[in-house]
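J.: the following block contains a protein sequence and its predicted model.
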Amino acid sequence: MDVNNNSLLSKKIIDKYDYGKCKENIQVILRELEEARYKYGNMVFPTITANLEIKFNSNITFGDKTSKYVETKLDTLDYINDTNNKLSEVVSTFTKEEKQYFIQYLLYKKSEEYICDEIIFISKNSLIPIKESCIIKLALAFDKAILKNIKGGM
């Protein structure tokens with residue numbers, strides 16, 4: 001999919017969701033994925049191409065004799081592969097700026113100031129719709145999006 005055809009979520013869609021809770025949910029998923037990658041000591045960190053395509057790889061080998069250990073390892077590999085596939089799908093819908101936010105902030109844990117000043121070259125206020133769109137897209141893809149509590153009903 002060509003990144004130029006992708007767009008940020010509209011403010012109307014973003015405003016329906018609790019950004020803070022969605023962000024917490026995505027951070028939990030990414031922490032669990034990171035832990036699973038390192039659990040067996042031979043997981044490969046995702047690679048980033050020049051076109052900002054993210055390639056999620058796994059490099060687990062199976063030479064273990066203990067069946068419970070192998071079963072747990074297989075379950076972990078399934079979890080990693082399922083999560084990586086879902087991440088690949090949603091990242092393909094990101095704009096270039098959303099990909100940069102995802103890579104730099106969520107994967108590499110760089111500061112938002114760094115992203116604004118060194119990567120995207122925008123103001124912190126201009127980053128707000130980018131990060132909100134990125135997080136809400138991820139939360140929706142993982143079925144972790146939380147709607148805002150709106151008092152008074154419809």
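T.: Received, thanks. Numbering: from 1, shown residues only.
J.: show the average pLDDT along the helix or strand harbouring Glu32.
T.: In this assignment (DSSP states H and E), Glu32 forms part of helix 19-39. Taken as a whole, helix 19-39 has a mean pLDDT of 92.
J.: C-alpha coordinates for it, CSV please?
T.: Extracted C-alpha coordinates of helix 19-39, given in CSV (Å, rounded to 0.1, in the frame of the first residue of the first chain):
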residue,chain,number,x,y,z
TYR,A,19,-6.7,8.5,24.0
GLY,A,20,-5.0,8.0,27.3
LYS,A,21,-6.6,4.6,28.0
CYS,A,22,-6.0,3.5,24.4
LYS,A,23,-2.3,4.5,24.7
GLU,A,24,-2.0,2.5,28.0
ASN,A,25,-3.5,-0.5,26.3
ILE,A,26,-1.1,-0.3,23.3
GLN,A,27,1.9,0.1,25.6
VAL,A,28,0.9,-3.0,27.5
ILE,A,29,0.7,-5.0,24.2
LEU,A,30,4.1,-3.7,23.1
ARG,A,31,5.7,-4.5,26.5
GLU,A,32,4.2,-8.0,26.4
LEU,A,33,5.5,-8.5,22.9
GLU,A,34,9.0,-7.2,23.8
GLU,A,35,9.1,-9.6,26.8
ALA,A,36,8.0,-12.5,24.7
ARG,A,37,10.7,-11.7,22.1
TYR,A,38,13.4,-11.8,24.7
LYS,A,39,12.0,-14.7,26.8
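J.: for it, packing partners?
T.: Applying 3 or more CB pairs under 8 Å, 6 or more residues apart in numbering; DSSP states H and E, we find helix 19-39 packed against helix 67-91, helix 124-141. C-beta coordinates here come from the backbone N, C-alpha and C atoms, glycine included.
J.: just these: most buried one?
T.: Across the helices and strands packed on helix 19-39, averaging neighbours per residue (mean count of other CB atoms under 10 Å) puts helix 124-141 on top, at a mean of 20.
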